[in-house]
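>>> here is my input, please return the structure:
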Amino acid sequence: QVQLLESGGGLVQTGGSLRLSCAASGRTFSSYAMAWFRQTPTKEREFVTFISSTGSSTYYTDSVKGRFTISRDNAKNTVYLQMNSLKPEDTAVYYCAAGRIATMHRNAYDSWGQGTQVTVSS
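A predicted model of the protein is given here:
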């Protein structure tokens with residue numbers, strides 16, 4: 001497993017942008033697929049996006065396609081989530097996760113960060 005620490009959350013107005021970062025410990029980061037999930041108090045944790053271990057493959061849930069971009073820097077052991085054109089419905093705690101395969105299914109990820117709050121005001 002790896003240790004994950006998210007940062008970059010905050011309060012932004014509708015239409016604004018935020019960039020989340022997730023720093024990983026350990027020397028095996030480049031072997032992990034990485035993903036972002038999000039959760040609100042009234043909903044289960046939901047998939048947002050993943051990126052393969054090499055960065056060659058990405059996938060997004062429909063609601064964020066064209067607005068969010070996931071990327072990674074294996075030299076810095078960091079994965080990023082660039083969020084543009086934010087909407088109030090994007091408000092949630094965002095979690096990064098690491099796993100051996102790139103998938104939408106949260107049970108496949110065995111390392112999780114503590115989460116970072118993103119709030120989009122209308």
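>>> surely residue 14 meets residue 90?
No - the pair residue 14 and residue 90 fails to qualify as a contact (CB atoms under 8 Å) at a distance of 9.3 Å. For glycine as for every other residue, the C-beta is placed from the backbone atoms N, C-alpha and C.
>>> give me the common contacts of the two.
Counting by CB atoms under 8 Å, 6 or more residues apart in numbering, the residues touching both residue 14 and residue 90 are residue 120.
>>> which one's more surrounded, those two?
residue 90 (21 against 12; other CB atoms under 10 Å).
>>> low-confidence regions, this protein specifically.
When the per-residue scores of the chain are filtered using pLDDT under 70, no range remains.
>>> give me the neighbour count for the closest residue to residue 47 other than its chain neighbours.
If the residues on either side of it in the chain are set aside, residue 47 comes closest to residue 104, at 4.5 Å by CB to CB, 6 or more residues apart in numbering. Neighbour count of residue 104, defined by other CB under 10 Å: 15.
>>> secondary structure element holding the residue nearest the centre of the chain?
Per CA atoms, centre = their mean, the C-alpha nearest to the average position across the chain is that of residue 36, at 2.5 Å. With elements delineated by DSSP states H and E, residue 36 resides in strand 33-39, which encompasses its position.
>>> for that strand, which strands pair with it and how are they oriented?
Sheet pairing of strand 33-39 (DSSP bridges) gives strand 46-51 (antiparallel), strand 92-99 (antiparallel).
>>> most packed of those?
strand 92-99 (a mean of 23; mean count of other CB atoms under 10 Å).
>>> next helix or strand past that strand?
strand 109-112.
>>> flag every buried residue along that following strand.
109, 111-112 (16 or more other CB atoms under 10 Å).
>>> TSV for those residues, including distance to residue 67?
Output for the buried residues of strand 109-112, formatted as TSV (distance: CB to CB, whole Å):
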residue	distance to residue 67
109	23
111	26
112	24
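>>> now residue 17. Nearest residue, chain neighbours left out?
Of all residues apart from its sequence neighbours, residue 84 sits closest to residue 17 (CB to CB, 6+ apart), at 4.7 Å.
>>> mind listing what residue 10 touches?
Residue 10 touches 18, 117-119, counting by CB under 8 Å, 6+ apart.
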